[in-house]
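[1] Sequence and computational prediction follow.
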Amino acid sequence: MPALAPPSKILVTGGTGYIGSWVIHFLLEQGFKVRAAVRSIEKAEPLKEQFEGKGELEFFVVEDFIKEGAFDSAAAGVDGVVHLASPLTAKSDDPDDFIKPAVGGTMNLVKAAALPGSTVKRFVFTSSTATVSRTLDTPKVFDESDWSVDPELVEKQGRSAPWMVKYRASKTLAEKAARAYVDENAAGNFDLVVLNPPFVFGPPLIRSLPVGTSVDWWFGAVIKGTQTDPGVMASAVSYVDVRDVAQAHVLSLTRPEAGGERIILAAGATSWQEAVEFVGSLEDTAPLKEEKTKGLPDIERVPYLVRYNSEKSKRVLGLEYRKHEDTIRDMITELSERGF
Ligand code: NDP
C-alpha cells in the first residue's frame, strides 16, 4: 500500500502520554491532520492548550479502549493510525491489568482499520524492545528477528511474576496479535509498521501532564539514587530520545519502504551507574532541587548482556539519532523548569 503524506488524517492513541504528545507535535508540524482518541474530553484539555493554532487537531472520545468495536467510529475516514496507548503501570498484581488493555486496545484498532470500506493505508504500532530481548548469561546484540519469552514466563508465574515481566508480556502479546491479524485479514488493505524503542528519555513536552514513567525512572535512578540494587545499577540500559522516537513514527507513515517492517529504535546503551557518572560529568546543566546521587561507584563493572542493533532504523527510516548528551541536557532543563 502507498505511504502517506500531509495533509492525510492520522488517528493517534496515547496522545496524552509522554511519547504521544511529541508524535502529535511532529505530525501537526509537518502538516498532517490529527484525530486524537482520548478517554474523556477532560483529558483532551492539555492537548488543546498545547496545540492551539498549530494545526488541525480534533478529538474523539473512546472511553473504554477494550470494549468490542471501540474504535470502529474513531477510525472511520482516517488515512493512517498511530497506536501508542498502553499501560506502563498497573493497579494490582493481576497480569491482565497490563495484558487486557494492551492486547484488547490494539486488536480493536487493528480490526477497525480492517473493516470493509476502511480508508486506512498505514498503521504504526508502538511496541518496545521489551518484545525483542530476553535475559541471557552471555552478551548478545538483539535484532528484529528476536522475540522475548515473557508471555511464557507470565503463564508459569502468574500473579507472582515481576511487574516488568507482565508489562513485557503485554507488549509481546499485543505485537504478535496485531501482526498475525494483519497478515491474515488485512494484507493488501494497509501496511503495519512496528516500532520497538528501549528506554525513552528526553524532555517531556506538555507541562500540565505528568513527565512519563520512563522519565520518572530515570530521575529516581540517576538523580535521586532510589535504585540501590548493585545488579540493576550495573546492568545495561538502552536508550533513545523521545523526539527521535516521535519522528520515527512520522517517518513510518511517510516512507514507502517502512511498510510491513518491524524496526528497533535505539541510540545507544549505558548502565544506570554510568548514567549517574555521565550526569555528574556534565557542566552547566540546569539546576535541580534534588542533590545528585553518586550512585554505587564501587560496584563491579560488567559487560552489557543486552544491546540492540538499530541499523535498520537508519537504513529504512533514515533516522539520525540525537547525541545522548543533548537528550540528557534537554531533559534536565525541562525538569528544572518544572521545579524538580
Ligand atoms: P505514558 O504513560 O506517558 O502514556 C501512556 C498513554 O497510554 C497515555 O496516553 C494513556 O492515556 C494511555 N493509556 C494507558 N493505559 C491505557 C488504557 N488502559 N486504556 C487506554 N489508554 C491507556 O507512556 P509513554 O508515552 O511512555 O508510552 C507510550 C507507548 O510507548 C506505550 O505503548 C509504551 O509501551 C511504549 N514504550 C514506552 C517506552 C518508554 O520508555 N516510555 C519504551 C518503549 C515503549 P491516559 O492519559 O488516558 O491515561
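    That came in fine, so what should we check first? Numbers count the residues shown, from 1 in each chain.

[2] do you know how far Ile24 is from Ala258?
    Applying CB to CB, to the nearest Å, the value for Ile24 to Ala258 is 19 Å. Yep, even glycine has a C-beta here, placed from its N, CA and C like the rest.

[3] Comparing these two, which residue is more hemmed in?
    Ile24 (29 against 23; other CB atoms under 10 Å).

[4] Next one, pLDDT for that one please.
    Looking at Ile24, its pLDDT stands at 99.

[5] what about the closest residue to it other than its chain neighbours, how many residues close to it?
    Spatial nearest neighbour of Ile24, chain neighbours left out: Gly15 (5.0 Å); criterion: CB to CB, 6 or more residues apart in numbering. Counted with other CB under 10 Å, the neighbours of Gly15 add up to 31.

[6] burial measure for the residue of the stretch 201-340 of the chain found nearest the ligand, as a count.
    Closest residue of the stretch 201-340 of the chain to the ligand, CB to the nearest ligand atom: Ser214 (3.2 Å). When neighbours are defined as other CB under 10 Å, Ser214 has 20 of them.

[7] try Thr138
    Thr138 has 6 nearby residues by other CB under 10 Å.

[8] before we move on, the earlier item: correct me if wrong, but the residue nearest to Ile24 is in a strand.
    No - Gly15 is assigned coil when assessed by DSSP: H, G, I helix; E, B strand; the rest coil, not a strand.

[9] OK, contacts around the residue of the chain found nearest the ligand?
    As assessed by CB to the nearest ligand atom, the ligand sits closest to Gly17 within the chain, at 2.2 Å. Residues counted as contacts of Gly17 (CB atoms under 8 Å, 6 or more residues apart in numbering) are Leu84, Ala85, Leu209, Gly212.

[10] Tell me the predicted confidence for it.
    For Gly17, the predicted pLDDT is 98.

[11] quick one: the closest residue to Ser8 other than its chain neighbours from Pro7, how far?
    For Ser8, ignoring the flanking residues on the chain, the nearest one in space by CB to CB, 6+ apart is Asp79 at 3.8 Å. Distance of Asp79 to Pro7, computed by CB to CB: 9 Å.

[12] ditto for Lys91
    40 Å.

[13] Could you tell me what pLDDT the model assigned to the residue nearest the centre of the chain?
    Compute the mean C-alpha point of the chain, and by CA atoms, centre = their mean the closest residue is Thr126, 5.5 Å away. With respect to pLDDT, Thr126 scores 98.

[14] Give me the contact list for the helix or strand where Ala246 lies.
    If you go by DSSP states H and E, Ala246 is part of helix 242-254. Helix 242-254 has contacts (CB under 8 Å, 6+ apart) with 3-5, 8, 10, 18-19, 22-23, 25-27, 30, 32, 80, 82, 84, 122, 124, 126, 193, 195, 197, 200-204, 212, 258, 263, 265, 267, 313, 317-319, 321-322.

[15] Note down every partner strand of the next helix-or-strand element following it and its orientation.
    Downstream of helix 242-254, the first helix or strand assigned by DSSP H and E is strand 262-264. Note on strand 262-264: by DSSP bridges, its sheet partners are strand 191-196 (parallel).

[16] Show me what the helix or strand just after the strand it pairs with is packed against.
    Next helix or strand after strand 191-196 toward the C-terminus (DSSP H and E): strand 199-201. Strand 199-201 sits against helix 213-218, strand 236-241, helix 242-254, helix 324-337, with contacts defined as 3 or more CB pairs under 8 Å, 6 or more residues apart in numbering; DSSP states H and E.

[17] Now do the strands in this protein.
    Under the criterion DSSP state E, the chain contains strands at 9-13, 33-38, 57-61, 80-83, 122-126, 140-142, 191-196, 199-201, 236-241, 262-264, 268-271, 306-308.

[18] Thanks a lot, see you next time.
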